[in-house]
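Peer 1: Pasted the sequence and its predicted model underneath.
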Amino acid sequence: MLELDDLQRRFRGGLLDEAQADSLPIRGGRFSPQQRLQIYRNNLFTSLCAALGDVYPVIERLVGTGFFRHAASAYVERHPPRSGNLHEFGQHFSRFLGELAAAAGHPYLPDVAALEWAWHEAFHAPDHANVSLEALAAVPARQQERLRFELHPSCRLRRSAFPVVSIWQANQADEPETVDLDAGGECAMVIRRGLEVRIERLGPGEHALLETLERERLAVACVAALKAQADLDLEHCLVRHVAGGTLVDFHLSER
């Protein structure tokens, strides 16, 4: 008699790999053991492929339902869920598309998928109150270069060699517009403002500023931003992200 946990592991293995199914102690009847297991297998793959479709609707639209289901089924076999929380399922889909030979003719797909996963993460991220403007204004000018900012928990920054924001925006309409893939790369910020998740296109300097602020003090971030975009209006950029809730907290770093 198999222990329950061992039986569950073997049953899970049989669902994902037909070669492991023959050793399972499944009773026959009107349907054979293999047919009984196939019912579970079909339900599992249908549910998980549908879950991927919910997270990656633009990818499904770009490649078509048939191709998407094929890719999603292959993904389920390679990266089955490791948790009962389906919110965590699908995080490797971007990398998977980059390795999928059948998708090699569409090199922008992994970056579009990364953008959609960022949207998914932003939707489920915790909220945070806005930064205290009074406390920020009280920081002496001589200490402002030591400011370390915290980005909103839902904020995700992405950079691509392709116009991924334009591709994503074009596929929100009933009749998507054609996007010129040779138009150049785009930087994006994904963030939840209130109850709405937004994907915003950023200039290279603004993206560099926020990306560096995640790990460095303000003075270093400003240098990185101006290196990426010499004509960036730093003051306007900082005011926009403080007032808009991108930067939600701060402290002074040690010298």
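Peer 2: Received it, and whenever you're ready, just let me know what you need. Note that the coordinates shown come from a computational prediction; the quantities given were computed from them, not determined experimentally.
Peer 1: what's in contact with stretch 231-244?
Peer 2: Contacting residues not belonging to stretch 231-244 are listed as 131, 133, 136, 193, 203, 205-206, 209-210, 222, 225-226, 246-247 [Cβ atoms under 8 Å, 6 or more residues apart in numbering]. No exception for glycine: its C-beta is placed from N, CA and C like everyone else's.
Peer 1: Run through the stretch 1-150 of the chain and note the low-pLDDT ranges.
Peer 2: Confidence mapping of the stretch 1-150 of the chain against pLDDT under 70 gives the ranges 1-39.
Peer 1: 50 instead?
Peer 2: Along the stretch 1-150 of the chain, the model assigns pLDDT under 50 to residues 21.
Peer 1: What segments of it are helices?
Peer 2: Taking DSSP state H, counting those that start in this stretch to define them, one finds helices in the stretch 1-150 of the chain at 4-16, 33-55, 57-63, 65-78, 93-99, 109-124, 133-137.
Peer 1: With the stretch 151-255 of the chain instead?
Peer 2: Using DSSP H, counting those that start in this stretch, helices in the stretch 151-255 of the chain cover 164-170, 204-213, 218-228, 234-243.
Peer 1: can you redo those helices as a markdown table with mean pLDDT, distance to R69 and mean neighbour count?
Peer 2: Shown next, in a markdown table, are these (pLDDT from 0 to 100; distance: least, Cβ to Cβ, whole Å; neighbours: other Cβ atoms under 10 Å):
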| stretch | mean pLDDT | distance to R69 | mean neighbour count |
| --- | --- | --- | --- |
| helix 164-170 | 96 | 21 | 20 |
| helix 204-213 | 97 | 34 | 22 |
| helix 218-228 | 96 | 40 | 18 |
| helix 234-243 | 95 | 40 | 15 |
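Peer 1: Could you dump those into JSON lines with distance to V197 added?
Peer 2: As requested, the helices of the stretch 151-255 of the chain are arranged in JSON lines below (distance: least, Cβ to Cβ, whole Å):
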{"stretch": "helix 164-170", "distance to V197": "12"}
{"stretch": "helix 204-213", "distance to V197": "17"}
{"stretch": "helix 218-228", "distance to V197": "25"}
{"stretch": "helix 234-243", "distance to V197": "17"}
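Peer 1: Any idea which of those gets closest to T46?
Peer 2: Of all the helices of the stretch 151-255 of the chain, helix 164-170 sits nearest to T46, with 26.4 Å by Cβ to Cβ.
Peer 1: List of residues touching the closest one?
Peer 2: If you take Cβ under 8 Å, 6+ apart as the criterion, helix 164-170 is touched by 58, 62, 108, 111-112, 115-116, 158, 176-179, 183, 186, 188, 199-201.
Peer 1: Repeat that for stretch 123-131.
Peer 2: 87, 152-154, 192, 197, 242, 245, 247-250.
Peer 1: Quick check: end-to-end length of that stretch?
Peer 2: Terminal residues of stretch 123-131 are spaced 21 Å apart (Cα to Cα, to the nearest Å).
Peer 1: and that stretch, which residues are buried?
Peer 2: Across stretch 123-131, burial judged by 16 or more other Cβ atoms under 10 Å covers 125, 131.
Peer 1: what does stretch 138-148 give?
Peer 2: For stretch 138-148, using 16+ other Cβ under 10 Å, the buried residues are 146-148.
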